[in-house]
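>>> I'll drop the sequence and a predicted model, then ask my questions.
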Amino acid sequence: MQNLTERDKKHVWHPLTQHKTHPNMLALSKAEGVMLFDEKGNEYIDGIASWYTCMYGHCNPYILKKVSAQMQQLDQVVFSGFTHEPAVKLSEELIKVLPKNQEKLFFSDNGSTATEVGIKMALQYHFNKGEKRNVLLAFEEGFHGDTFGAMSVSGLSVYNGPFEEHFIQVERIPVPTKDNIGDILAQLNCRLEKENVAGFIYEPLVQGAAAMKIHDGKGLNQILELLKKHDVLTIADEVMTGFGKTGRFFASDHLDLKPDIICLSKALTAGLVPMGLTTCTEEIYQAFYSDETAKGLFHGHTYTANPLACTAALAALELLQTKEIQENITNIANWHQQFDEEIRNYPKVANTRQLGVIYALDLDIKMERYGNLRDKLFHHFMDQGVFLRPLGNTIYILPPYVISKRQMEKIYEAIKSAIELV
Ligand SMILES: *Cc1c(COP(=O)(O)O)cnc(C)c1O
């Protein structure tokens, strides 16, 4: 019998992978807490919480207990015409913690579908009101997912380049800095006179796929304020930033202006099963509420509001609000700051940034996003027993909330030795 890595090559096609240059997948056999274990018994600290999902640790016993009980009760049902306790309860619990203007929740399957639904809500909102608004605004380096609407509003890159001709109509603006905000607002002012902008989609404060770029909250507030004056719907993509990552419940909680629509996924279900959510204000919901059937939102996925996913989300929400988790979020932010003081003056470190449990540094070296030097860094981390995925010359950490100080120190040590290596 061949090992898993060899068997994998025969039929499996992996995401974000050029198989010719990267043929070998590491076979993992187990995960527990913040640790990943491979087939050979090597262990790795999951320094990015498996793409920011498993924030309460892998195979969290509390979440498993709740979901296994739900599994024996009600597994999956159609969500048009039917409803169930886990979905209703989740709506009640989430409304308590979401920004105050949010009233309705629309369920889907993942982060891309959550943003896709947000985009469709914004476009159909104006359509239902009889206004012809067909352009979306987005940030230049944003990332909103891999389906067509989501791809269209993402920044141009290797991810979406081949499909550019098929995009929905989008206009991209730079992220705000203290220096460019005046220009951005001036350009937007001219642009908005045309009155055909339906919505603006943005990752509030932190752009994950752009390598954890953090932008100016004041500038973002000013942009949102201007857009609201022109009835442009604002769509906060909190798929990455949601559920405590930035030190607040949602990144939008750091801002004065509240979004009309919020997209959620990733940590929503704590990494156990996929689910997406698009939440919105009563005003948006009312634009679809009508005696005319066709004014409804005719979007639906087979697994909408899957009871197991809703149960995982409820358990995760409970954990997030415990004193232990809240305290450790503060601890992680403090450890990052101490590490930052040590490292930010290293000659090879060009700049560093931090918000909540998110920490990133750029090396003072030109590197391709998926090039050889980046791979060398990745393998160095794995050799040290740490799973991090550098993006070009950016090294970032986004650890599970349950990580210990000792485990965090192991990650910091691995980063320091990686910097020596390049
Ligand atoms: C990951 C991500 C998405 C896409 O989510 P998927 O579940 O991978 O489809 C969208 N927006 C942001 C900000 C993300 O980080």
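That came in fine, so what should we check first?
>>> mean confidence for stretch 17-31?
In this model, stretch 17-31 has a mean pLDDT of 95.
>>> and it, which residues are buried?
Buried positions in stretch 17-31, judged by neighbour count with 16 or more other C-beta atoms under 10 Å: residue 31. C-beta: built from backbone N, CA, C; applies to glycine.
>>> now the helices for the stretch 201-350 of the chain?
217-229, 282-288, 307-320, 323-343 (DSSP state H, counting those that start in this stretch).
>>> dump the C-alpha coordinates for the longest one into PDB.
Yep, that's helix 323-343 we're talking about. The C-alpha coordinates for helix 323-343 follow below in PDB (Å, rounded to 0.1, in the frame of the first residue of the first chain):
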ATOM      1  CA  LYS A 323     -14.200  34.800  30.600                       C
ATOM      2  CA  GLU A 324     -11.400  32.300  29.800                       C
ATOM      3  CA  ILE A 325     -11.600  33.000  26.100                       C
ATOM      4  CA  GLN A 326     -12.000  36.800  26.500                       C
ATOM      5  CA  GLU A 327      -9.000  36.900  28.800                       C
ATOM      6  CA  ASN A 328      -6.800  34.800  26.500                       C
ATOM      7  CA  ILE A 329      -7.700  37.100  23.600                       C
ATOM      8  CA  THR A 330      -6.300  40.000  25.700                       C
ATOM      9  CA  ASN A 331      -3.300  37.900  26.700                       C
ATOM     10  CA  ILE A 332      -2.500  37.000  23.100                       C
ATOM     11  CA  ALA A 333      -2.600  40.700  22.100                       C
ATOM     12  CA  ASN A 334      -0.200  41.500  24.900                       C
ATOM     13  CA  TRP A 335       2.200  38.700  24.000                       C
ATOM     14  CA  HIS A 336       2.200  40.000  20.400                       C
ATOM     15  CA  GLN A 337       3.000  43.500  21.600                       C
ATOM     16  CA  GLN A 338       6.000  42.300  23.700                       C
ATOM     17  CA  PHE A 339       7.200  40.200  20.700                       C
ATOM     18  CA  ASP A 340       6.800  43.200  18.500                       C
ATOM     19  CA  GLU A 341       9.000  45.400  20.700                       C
ATOM     20  CA  GLU A 342      11.700  42.800  20.400                       C
ATOM     21  CA  ILE A 343      11.500  42.300  16.700                       C
END
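>>> that helix packs against which elements?
strand 349-355, strand 358-363, helix 405-421 (3 or more C-beta pairs under 8 Å, 6 or more residues apart in numbering; DSSP states H and E).
>>> likewise for the shortest one?
Identification of packing neighbours for helix 282-288 by 3+ C-beta pairs under 8 Å, 6+ apart yields strand 104-108, helix 111-128.
>>> 10 Å - rerun?
Other elements packing on helix 282-288 under the criterion 3 or more C-beta pairs under 10 Å, 6 or more residues apart in numbering; DSSP states H and E are strand 104-108, helix 111-128, strand 233-237.
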